[in-house]
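Trainee: Here you go, sequence then predicted model.
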Amino acid sequence: MTDHAARLPNLFLVGSMKSATTSLHNYLDMHPEIFMSKSPWKEPHFFVAENNWKRGFAWYYNLFKDAADEKYLGESSTDYTKYPNFLGVADRIHQYCPDAKIIYIMRDPIERAISQYWWEVEFSAEGRKMPQAIMNNDWILNASNYALQLKQYIKLFGMEAIYTLTTEELNAAPNETMRKIFAWLLVDPELDLGQIEYKTYNRSKEAVNRVMGSGFFSHLKGTKFWAFLKKVIPARSSLRYSLKNWLSRPVEKNEEGRDETIVLLRPVMQQQVEELSQLLGRKFPEWTTLNGK
């Protein structure tokens with residue numbers, strides 16, 4: 001391990017979940033002046049107390065042990081923009097990395113929420129129908145409230161240290177979008193990016209694995225019994241993993257409930273995006289589901 005490995009990151013891609021963070025992470029890593037954390041710890045979630053904070057800084061430093069003299073060491077963790085479900089994250093990052101640059105990529109908030117719903121079905125045993133599940137899951141709703149998430153960083157780092165973009169921008173013009181980001185980071189923006197073609201990582205699948213009986217268990221979420229189950233069978237335990245695999249069966253994703261979900265979400269999220277627009281001084285016409293286009 002070189003002395004460089006003891007450097008803490010100074011570039012954080014903080015989300016949002018299901019918004020092409022993996023694509024953006026990989027594009028950033030292509031630049032010779034940027035070193036991004038590598039798989040399997042692309043998303044170390046280190047500054048989340050409930051996640052890997054307990055592993056300590058020696059573990060975190062080791063994620064960057066192969067870095068040399070790059071101007072930026074970076075990582076991408078979507079749990080960093082899940083306030084207030086996870087508290088104190090921006091504060092910890094600022095305490096240890098006060099001069100960091102923050103990048104936040106955002107997707108049409110309704111489409112992002114629906115995409116996360118299917119993720120919850122597969123990985124969090126969500127069994128309720130789409131409208132009920134999304135409207136009663138503050139993890140999904142909060143992650144799509146971009147103004148709420150950004151405010152946690154603006155108050156600490158200032159707007160000048162934060163770069164925001166949309167998934168739709170990256171999708172439409174990856175080379176141009178990356179040049180703008182590189183220019184903002186004060187690294188060579190004229191890097192030959194001709195080889196970059198937009199690629200969607202973690203693409204939403206046509207079928208997902210649904211846990212049998214998840215509809216019943218989903219109604220227990222938030223109850224004392226659910227808290228007891230989580231304590232008895234921790235999220236990362238081998239028992240929970242084995243049970244999930246044993247009980248899971250592939251099901252085709254469908255559009256049932258999508259229209260109802262959009263109708264329910266649109267007035268709420270349009271108001272949130274209006275706050276976001278005032279915060280950032282821009283509109284988001286590319287969010288066609290949100291805008292009803």
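Mentor: That came through, no problem. Numbering: from 1, shown residues only.
Trainee: distance of residue 95 from residue 50?
Mentor: Computed with C-beta to C-beta, to the nearest Å, the distance linking residue 95 and residue 50 is 17 Å. Every residue, glycine included, has its C-beta placed from N, CA and C.
Trainee: Then residue 182?
Mentor: 34 Å.
Trainee: With residue 266 instead?
Mentor: According to C-beta to C-beta, residue 266 stands 32 Å off from residue 50.
Trainee: what mean pLDDT does stretch 12-25 have?
Mentor: Mean pLDDT, stretch 12-25: 96.
Trainee: Keeping just the C-alphas, turn that stretch into PDB.
Mentor: Output of stretch 12-25 as PDB, limited to C-alpha atoms (Å, rounded to 0.1, in the frame of the first residue of the first chain):
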ATOM      1  CA  PHE A  12     -18.700  11.500  -4.300                       C
ATOM      2  CA  LEU A  13     -21.400  10.400  -6.700                       C
ATOM      3  CA  VAL A  14     -24.300  10.300  -4.200                       C
ATOM      4  CA  GLY A  15     -27.200   9.000  -6.300                       C
ATOM      5  CA  SER A  16     -30.000   8.800  -6.900                       C
ATOM      6  CA  MET A  17     -30.800   5.100  -6.900                       C
ATOM      7  CA  LYS A  18     -31.900   3.600 -10.200                       C
ATOM      8  CA  SER A  19     -30.700   6.700 -12.200                       C
ATOM      9  CA  ALA A  20     -27.700   5.400 -14.100                       C
ATOM     10  CA  THR A  21     -25.200   5.900 -11.300                       C
ATOM     11  CA  THR A  22     -23.200   2.800 -12.400                       C
ATOM     12  CA  SER A  23     -22.900   4.200 -16.000                       C
ATOM     13  CA  LEU A  24     -21.700   7.500 -14.700                       C
ATOM     14  CA  HIS A  25     -19.300   5.900 -12.200                       C
END
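Trainee: ok so residue 102 is a strand residue?
Mentor: Yes: according to DSSP: H, G, I helix; E, B strand; the rest coil, residue 102 belongs to a strand.
Trainee: Surely it is in contact with residue 156?
Mentor: No: applying C-beta atoms under 8 Å, one finds residue 102 not in contact with residue 156, separated by 9.3 Å.
Trainee: Comparing the two, which residue is more hemmed in?
Mentor: Per other C-beta atoms under 10 Å, whichever of residue 102 and residue 156 has more neighbours is residue 102, with 25 against 16.
Trainee: Quick check: pLDDT value at the residue lying closest to the more buried one once chain neighbours are set aside.
Mentor: Sequence neighbours aside, residue 162 is the residue nearest to residue 102 in space, at 4.5 Å (criterion: C-beta to C-beta, 6 or more residues apart in numbering). Looking at residue 162, its pLDDT stands at 98.
Trainee: which residues does residue 162 contact?
Mentor: For residue 162, the contact set (C-beta atoms under 8 Å, 6 or more residues apart in numbering) comprises 101, 102, 103, 104, 150, 153, 154.
Trainee: and which of the residues you listed is nearest residue 170?
Mentor: Among these, residue 103 lies closest to residue 170 (C-beta to C-beta), at 11.1 Å.
Trainee: Can you tell me who that closest one pairs with across the strands?
Mentor: Here residue 103 sits in beta bridges with residue 13, residue 163, as judged by DSSP bridges.
Trainee: returning to what we had before: so which of residue 182 and residue 50 has more stuff around it?
Mentor: Between residue 182 and residue 50, counted using other C-beta under 10 Å, the more crowded position is residue 182 (20 against 13).
Trainee: Leaving out sequence neighbours, find the closest residue to the more buried one.
Mentor: Leaving aside its sequence neighbours, residue 182 sits nearest to residue 189 (C-beta to C-beta, 6+ apart; 4.3 Å).
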